[in-house]
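Asks: Attaching a predicted model along with its sequence, questions to come.
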Amino acid sequence: MFPTVARVLELDVVSRGLPEVVAGAQHLERPVRWVHVSELADVAEMLQGGELILTTGIALPESRDGLAQYVRELADIGAAGLVVEFGRRYFDSLPRALVHAAEQRGLPLIVLRRELRFVAVTEAVHALVVNAQLEELRSSEEIHQTFNELAVEGAEPVEVVREVARMAGAPVILENLSHQVLAYDTAGQNAQVVLAGWESRSRGVRAQGRTGYDPRTGWLTTAVGARGHDWGRLVLIGKPGSAQEDAAPATASHRHTMLVERAAATLALNRLMVRDRESLERQTHRTLLSGILTHALTVSDVALRASALGVPLEGRRLVGVVLRQRRGPLPAALEAQARLRDFTETAAAAVRERRMTALVGALDDEAVGLLVSLGPKDDEHTALDGFAGALRRLILEQEDGPEPVIAVGSSVGSVRDARRTLVEATQVADAALHDTPSAPGTRSASYYRLPDVRLRGLLHLLRDDARLQTYVERELGPLLAYDAEHNSQLIAMLRIYLEQGRNKSAAADAAHLSRPSFYDRLHKVERVLGVDLDQVESCLSLHVALLALDAVRR
């Protein structure tokens, strides 16, 4: 960091000149990038900003306007300050116009009451500047080396954040786009104080550009992401108002800016590396699962490749599992692919958490398949129940929609039969997908198996059969046509009546109708269909037709 005007005035070589600040005292923290000696009135044309001007004043303008213009040009170019030595042009005081202009423009104006060798001042200050540049170079090298190592090691976000906090000596927060804290390090401060009301506080700080400093809060923030997709923000919490309050916008130190940007790059890179590594693993697993289902690979090939992936299949019990998410069709193909990829990674994370051995990969555009390999001491129900619980918890933590359908096939004892358990699990998943998740049932496990899909599942499996569709039309076709022609709701009344166990009073209440009105609608149903709703067999046939209608429509 460059020395400030105040630091320059403290140097022995400068203090011997008895420096006195006569204007702009509140801006002495401006950094001095260089020292420039000049007697020219138009010296501003030769400056770049950040210079401390040394002069005896012998060539300064005489007029008030000329002095004001001289100060204005220095302030506009961003000069750090103006030092005037007494003894050549001025002796006891400076012109009021010069002092007034400097105070108005916030330009530090210093007088030297004793003569100094300007060359000694420039040498001393330039030594400080060079040392500051060397220190900045060393700091840059340290940051570069530290985060290179973290990137190569694939450090977790917590490790990266901890290193930033250590090097900055200030709290650091990694948040997502919803302003929820993903990782943090308080640098020794009270965590409850640092994180109190975080979301609302964070939403109130908006930086311009990818990296920005907010002097009101002292926060230095930078976006975290890659390939045009940001997924978080890194926040370095400094002291409010610690930046300079001059005419120029306040900024954080160059070192801290470099630190958070390098850390953000490491976080983004490591996330990409993890995602790419996992995707490659998932692709390999998917190839094996596809090879099993399509007979594209021989039994020996499957066993050999799976063993090389760390998933032994020979001499173990194998269980096929198929996962489907309860969600409607997605409008964008890319979004569907992203959701499936994330769903697959979540399933793989649940497998790792439960320390299970399994192949995990996408089966199609909507389903994720697992071939679980169980050892002789593994309890099948315990393993599957634990996996189901872990999967649902991870999905809940990610706020990724409703819980999935988890379908399980029968366990088999050889690689040759692996296809059978996967196909059975696929059929169960297709049937269970349209089951009502909250409806009470007889299932004691947290997943579906063949006995759990029952009549609704069977009808779903048969939904494409022309004979089932003919049955639906024969049983309900006239009523559906009547509703379409008269804009009535007789099919809904029939459904309510059957779902209420043929209890007309309960059905009328459920339909929010008076009993006479509801009874009248039931009589219309009987006339249109030509059936007697007091006959159990007729009602059973109609109920099955309604369930089949739901399956066909879906």
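Replies: Great, that's in hand. Treat the numbers as computed from the prediction; the structure is a model and nothing was measured. Numbers count the residues shown, from 1 in each chain.
Asks: Could you pull out the buried residues of stretch 504-521?
Replies: By 16 or more other Cβ atoms under 10 Å, the buried positions in stretch 504-521 come out as Ala507, Ala508, Ala511, Leu513, Phe518, Arg521. (Glycine included, C-beta is placed from N, CA and C.)
Asks: ah, wrong one, I meant stretch 27-35
Replies: Residues His27, Leu28, Arg30, Pro31, Val32, Arg33, Trp34, Val35 are the ones in stretch 27-35 that count as buried (16+ other Cβ under 10 Å).
Asks: Look up the closest residue to Ala187, ignoring the ones flanking it.
Replies: Nearest residue to Ala187, sequence neighbours excluded (Cβ to Cβ, 6 or more residues apart in numbering): Ala165, at 4.4 Å.
Asks: wait, I meant Ser488
Replies: Using Cβ to Cβ, 6+ apart, the closest residue to Ser488 is Tyr482 (6.7 Å).
Asks: From Ala168, how far out is that neighbour?
Replies: As judged by Cβ to Cβ, to the nearest Å, Tyr482 and Ala168 stand 75 Å apart.
Asks: ok, so of the buried residues of stretch 27-35, who is nearest Trp198?
Replies: Closest approach to Trp198 among the buried residues of stretch 27-35 (Cβ to Cβ): Pro31, at 32.7 Å.
Asks: is that closest one in a bridge, and if so with what?
Replies: When bridges are called by DSSP bridges, Pro31 pairs up with Thr4.
Asks: so what's it up against?
Replies: Met1, Phe2, Pro3, Thr4, Gly50, Ala80 (Cβ atoms under 8 Å, 6 or more residues apart in numbering).
Asks: try it again with 10 Å
Replies: Pro31 is in contact with 1-5, 7, 50, 52, 80, 129, 132, 244, 253, counting by Cβ atoms under 10 Å, 6 or more residues apart in numbering.
Asks: sorry, back to before: the residue nearest to Ala187 against Leu236, yeah?
Replies: Yes: here Ala165 reaches Leu236: they are 8.3 Å apart, a contact under Cβ atoms under 10 Å.
Asks: Three-state assignment for Ala170, please.
Replies: The three-state label for Ala170, taken from DSSP: H, G, I helix; E, B strand; the rest coil, comes out as coil.
Asks: how many other residues sit next to it?
Replies: Counted with other Cβ atoms under 10 Å, the neighbours of Ala170 add up to 21.
Asks: hmm, back to that, pLDDT and distance to Leu98 for the contacts of Pro31 - can I get that in JSON lines?
Replies: Conversion of those to JSON lines gives the following (pLDDT from 0 to 100; distance: Cβ to Cβ, whole Å):
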{"residue": "Met1", "pLDDT": "69", "distance to Leu98": "30"}
{"residue": "Phe2", "pLDDT": "80", "distance to Leu98": "26"}
{"residue": "Pro3", "pLDDT": "87", "distance to Leu98": "25"}
{"residue": "Thr4", "pLDDT": "90", "distance to Leu98": "22"}
{"residue": "Val5", "pLDDT": "92", "distance to Leu98": "17"}
{"residue": "Arg7", "pLDDT": "90", "distance to Leu98": "24"}
{"residue": "Gly50", "pLDDT": "89", "distance to Leu98": "21"}
{"residue": "Leu52", "pLDDT": "93", "distance to Leu98": "17"}
{"residue": "Ala80", "pLDDT": "93", "distance to Leu98": "17"}
{"residue": "Val129", "pLDDT": "84", "distance to Leu98": "27"}
{"residue": "Ala132", "pLDDT": "75", "distance to Leu98": "30"}
{"residue": "Gln244", "pLDDT": "40", "distance to Leu98": "23"}
{"residue": "Ser253", "pLDDT": "76", "distance to Leu98": "32"}
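Asks: Let's see which of the residues you listed end up in helices.
Replies: Mapping the contacts of Pro31 onto helices (DSSP state H) picks out Val5, Arg7, Val129, Ala132.
Asks: top of those residues by neighbour count?
Replies: Neighbour counts for these (other Cβ under 10 Å) peak at Val5, which has 21 neighbours.
Asks: ok, that one to Gly49 distance?
Replies: Taking Cβ to Cβ as the measure, Val5 falls 14 Å from Gly49.
Asks: Leu177 now?
Replies: 37 Å.
Asks: OK, contacts around Ala68?
Replies: Neighbours of Ala68 in contact, by Cβ under 10 Å, 6+ apart: Pro61, Ala97, Leu98, His100, Ala101, Ala102, Gln104, Arg105.
Asks: so it is in which element?
Replies: helix 64-77 (DSSP states H and E).
Asks: where are the low-confidence patches of the stretch 101-250 of the chain?
Replies: The stretch 101-250 of the chain contains residues with pLDDT under 70 at 227-228, 241-250.
Asks: Touching, the residue nearest to Ser488 and Met493? I think so.
Replies: No: in this structure, Tyr482 is not within contact of Met493 by Cβ under 10 Å, at 11.6 Å.
Asks: Show me whatever sits in contact with both of these two.
Replies: Common neighbours of Tyr482 and Met493 (criterion: Cβ under 10 Å, 6+ apart): Lys524, Val525.
Asks: So which of the two has more stuff around it?
Replies: Using other Cβ under 10 Å, the more surrounded residue of Tyr482 and Met493 is Met493, with 23 against 17.
Asks: CA atoms of the helix or strand just after the helix holding Ala68 as PDB?
Replies: Next along the chain after helix 64-77, taking DSSP H and E as the criterion, comes strand 81-85. C-alpha atoms of strand 81-85 as PDB (Å, rounded to 0.1, in the frame of the first residue of the first chain):
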ATOM      1  CA  GLY A  81      -1.400  17.200  -2.000                       C
ATOM      2  CA  LEU A  82       0.600  20.400  -2.400                       C
ATOM      3  CA  VAL A  83       3.600  21.300  -0.300                       C
ATOM      4  CA  VAL A  84       4.900  25.000  -0.400                       C
ATOM      5  CA  GLU A  85       8.200  25.900   1.100                       C
END
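Asks: can you map out the helices along the stretch 151-300 of the chain?
Replies: For the stretch 151-300 of the chain, helices defined by DSSP state H, counting those that start in this stretch occupy the ranges 157-168, 191-195, 198-203, 254-294, 299-308.
Asks: Just say which of those is most tucked in.
Replies: Between these, helix 157-168 has the highest mean count of neighbours, a mean of 20, where neighbours are mean count of other Cβ atoms under 10 Å.
Asks: Could you measure from the closest residue to Leu498 other than its chain neighbours over to Leu98?
Replies: Leaving aside its sequence neighbours, Leu498 sits nearest to His543 (Cβ to Cβ, 6+ apart; 4.7 Å). In this view, His543 and Leu98 are 99 Å apart by Cβ to Cβ.
Asks: just Pro404 next, same as before
Replies: Distance from Pro404 to Leu98, counting by Cβ to Cβ: 77 Å.
Asks: just checking, Leu177 touches Gly232?
Replies: Yes: counting by Cβ under 10 Å, Leu177 does reach Gly232; the two are 6.6 Å apart.
Asks: quick one, which of the two is more surrounded?
Replies: Between Leu177 and Gly232, Gly232 has the larger neighbour count (other Cβ under 10 Å), namely 24 against 12.
Asks: Who is the more buried one paired with across the strands?
Replies: With DSSP bridges as the rule, Gly232 is bridged to Asn176, Val224.
Asks: before we move on, what about the one 5 residues further on?
Replies: Partner residues in beta bridges with Ile237: Trp219, with DSSP bridges as the criterion.
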